[in-house]
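Trainee: just to be clear, the model below is a prediction. Sequence and coordinates:
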Amino acid sequence: MIYTDNHKRATFEKAVNETIEGCNSLIEIYHTFIEPFDRVASREEAEILIRDPEGTFDNALIANVNLSAGHGIKPDPKTAAQLFNIDRPNYLNLVAGFPIVWDDCKPCQKAKIKKGQRAISFERYRTYSPFMRFDGGEFVANPEAIEDKLKSFDVYAVTEEQTAVYNHYTDLITILNCHLEKYPLPDRTKEAIAKGLNLQLSQGVSGTFVMDKQYISHLIASK
């Protein structure tokens with residue numbers, strides 16, 4: 001292995017964790033406002049909620065209030081919520097990231113809510129869904145899928161051309177450092193050489209020549 005892009009690894013892991021947290025937060029908010037009318041029990045139901053938090057809420061509400069005007073006409077969700085003292089306005093505000101009147105929202109005080117944070121988008125969920133599992137009513141990390149993805153941030157010299165590039169820079173560094181042992185150079189000169197050859201110095205602005213693994217990884221990846 002030539003190089004591991006730790007920044008990309010950390011960014012990816014952070015995004016997965018934030019997506020899991022966002023999905024579970026939405027489920028918790030939904031449960032807090034809609035119970036006892038509905039409960040997310042499967043990944044399929046969770047995806048429906050994430051895709052359409054408002055529609056899922058209204059459908060669960062209408063399906064359980066047992067009101068009908070006949071001829072297949074369904075009651076207005078806003079009216080149904082008022083009849084059963086369900087705080088629909090604050091639910092809609094929460095999932096949209098809009099301000100709420102905190103003291104007047106009893107469900108808000110029960111759920112773990114980050115004020116002003118919009119519900120997770122279905123697009124973001126879809127991006128990171130392969131790295132998540134639904135277990136016990138909530139999303140958790142899928143360690144096998146995550147580990148496979150993390151391997152993609154490791155750079156290897158695989159082909160003959162890639163190996164040749166890596167060996168070239170290894171030999172170049174060896175020659176330069178052998179030269180330094182016999183004929184020391186001022187740090188400013190070494191800095192200029194390192195910059196010109198896309199190398200680094202072992203102590204930042206001094207020391208021996210070392211490989212710039214990030215540069216080499218990009219160069220190898222282009223071959």
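Mentor: Received, thanks.

Trainee: make it CA atoms for all contacts and neighbour counts henceforth
Mentor: Fine.

Trainee: in the chain, where's the longest helix?
Mentor: In terms of residue count, the longest helix belonging to the chain (DSSP state H) is helix 6-34.

Trainee: elements contacting that helix?
Mentor: Applying 3 or more Cα pairs under 8 Å, 6 or more residues apart in numbering; DSSP states H and E, one finds that helix 6-34 contacts helix 43-51, helix 53-65, helix 88-96, helix 106-110, helix 122-128, strand 138-141.

Trainee: show me the contacts for residue 208.
Mentor: Counting by Cα atoms under 8 Å, 6 or more residues apart in numbering, residue 208 touches 177, 180, 201, 202.

Trainee: cool, residue 58 as well?
Mentor: So residue 58 contacts residue 77 (Cα under 8 Å, 6+ apart).

Trainee: list the contacts of stretch 144-154.
Mentor: Stretch 144-154 is contacted from outside by 1, 2, 3, 4, 5, 6, 8, 9, 130, 131, using Cα under 8 Å, 6+ apart.

Trainee: shouldn't residue 205 be in contact with residue 191?
Mentor: Yes. Under the criterion of Cα atoms under 8 Å, residue 205 makes contact with residue 191 at 6.4 Å.

Trainee: burial measure for residue 205, as a count.
Mentor: 13 (other Cα atoms under 10 Å).

Trainee: next one: residue 52
Mentor: By other Cα under 10 Å, 13 other residues sit near residue 52.

Trainee: let me know the pLDDT of it.
Mentor: For residue 52, the pLDDT comes out at 96.

Trainee: which of the residues in the least confident helix or strand in the chain by mean pLDDT are classified as buried?
Mentor: The helix or strand of the chain with the poorest confidence is helix 106-110; it has a mean of 76 (mean pLDDT, DSSP states H and E). Neighbour-count burial for helix 106-110 flags 107, 108 (criterion: 16 or more other Cα atoms under 10 Å).

Trainee: which residues sit against that helix?
Mentor: Contacts for helix 106-110 (Cα under 8 Å, 6+ apart): 29, 32, 33, 87, 102.

Trainee: my guess is the fourth one contacts residue 79. True?
Mentor: Put plainly, it is residue 87. No. Contact criterion Cα under 8 Å: residue 87 and residue 79 do not qualify, at 11.1 Å.

Trainee: more neighbours: these two, which one.
Mentor: Comparing residue 87 with residue 79 by other Cα under 10 Å, the one with more neighbours is residue 87, at 18 against 12.

Trainee: contacting residues around that one?
Mentor: Residue 87 is in contact with 33, 81, 105, 107, counting by Cα under 8 Å, 6+ apart.

Trainee: lowest-confidence entry in those?
Mentor: residue 105 (77).

Trainee: and that one, how close does it get to residue 25?
Mentor: 17 Å (Cα to Cα, to the nearest Å).

Trainee: of those two, which one has the most company?
Mentor: residue 25 (20 against 15).

Trainee: who does the residue nearest to residue 20 when sequence neighbours are not counted form a beta bridge with?
Mentor: Nearest residue to residue 20 in three dimensions, chain neighbours excluded: residue 139, at 5.9 Å (Cα to Cα, 6 or more residues apart in numbering). Going by DSSP bridges, residue 139 is paired in beta bridges with residue 134.

Trainee: residue 139 and residue 118: what is the separation?
Mentor: Counting by Cα to Cα, the gap from residue 139 to residue 118 is 18 Å.
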